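**Q** Got a sequence here, can you model it:
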Amino acid sequence: MNQKLKIRAAQPADAPRLAEIYAPYVRETVVTFEETAPDAAEMVRRVREVERTFPWLVCESGGQVLGYAYAHQLQERAAFQWSAEVSIYLARNERGHGAGSALYHALEARLYQMGVAQLYAQISVPNPESMGFHHRCGYQDLCVYPHVGYKLGRWCDLAVLTKQLQLPEHPQPRKNP
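**A** Take a look at the predicted model:
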């Protein structure tokens with residue numbers, strides 16, 4: 001890879017680019033079950049909401065955001081505070097060039113420091129690119145929910161993958177970023 005990658009926290013000024021990266025996934029694929037692409041203002045709101053309790057990171061090169069990754073608590077109840085769901089989106093021309101691995105490595109390091117024990121990725125299937133990426137990052141298949149979503153004229157399955165970061169016997173309350 002010949003580009004120098006920088007991982008940093010997302011900023012409100014990144015919102016137009018985040019919306020631009022995400023929009024094709026919404027409009028053209030079943031990668032996300034969202035059906036209306038959010039605009040920049042909505043992306044600002046989402047980043048701010050996530051960053052209250054979890055990291056939202058961007059990967060950039062030469063001042064251009066190539067992609068982003070973030071986490072949020074798996075479920076609402078307090079007992080779930082040590083489990084996080086992770087998501088990643090890259091500009092289409094950036095897949096396979098190292099930005100995704102750099103983002104996940106940085107995200108996982110921050111989640112570990114926060115005391116997160118277990119990660120979960122939910123992937124619509126078939127999606128061999130995302131499944132392969134997550135397997136290369138150490139995620140293991142957990143289960144598949146059949147026919148859980150309907151988008152673009154077809155029923156979609158949802159695979160759940162997991163990765164254990166740590167499993168302390170007596171975990172302390174999770175730290176916020």
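**Q** Tell me where the chain has strands.
**A** 6-9, 56-61, 64-73, 83-90, 118-125, 140-151, 154-164 (DSSP state E).
**Q** Nearest approach to Leu18 belongs to which of these?
**A** For the strands of the chain, proximity to Leu18 was assessed by CB to CB; strand 64-73 is nearest, at 5.8 Å. All C-beta spots, glycine's among them, are computed from the backbone N, C-alpha and C.
**Q** The closest one pairs with which strands, parallel or anti?
**A** Sheet pairing here is set by DSSP bridges, and for strand 64-73 it gives strand 56-61 (antiparallel), strand 83-90 (antiparallel).
**Q** Save the strands of the chain as CSV, and put in mean pLDDT, distance to Ile21 and mean neighbour count too.
**A** Formatted as CSV, the strands of the chain follow (pLDDT from 0 to 100; distance: least, CB to CB, whole Å; neighbours: other CB atoms under 10 Å):
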stretch, mean pLDDT, distance to Ile21, mean neighbour count
strand 6-9, 97, 15, 14
strand 56-61, 96, 9, 22
strand 64-73, 96, 6, 22
strand 83-90, 97, 5, 20
strand 118-125, 96, 17, 19
strand 140-151, 96, 19, 12
strand 154-164, 97, 21, 16
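**Q** mind giving me JSON lines with these and columns for distance to Met131?
**A** Listed next are the strands of the chain as JSON lines, based on distance: least, CB to CB, whole Å:
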{"stretch": "strand 6-9", "distance to Met131": "23"}
{"stretch": "strand 56-61", "distance to Met131": "21"}
{"stretch": "strand 64-73", "distance to Met131": "17"}
{"stretch": "strand 83-90", "distance to Met131": "13"}
{"stretch": "strand 118-125", "distance to Met131": "6"}
{"stretch": "strand 140-151", "distance to Met131": "8"}
{"stretch": "strand 154-164", "distance to Met131": "7"}
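**Q** before we move on, the earlier item: TSV for the strands paired with strand 64-73, including distance to Ala23?
**A** TSV is the format used below for the strands paired with strand 64-73 (distance: least, CB to CB, whole Å):
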stretch	distance to Ala23
strand 56-61	16
strand 83-90	10
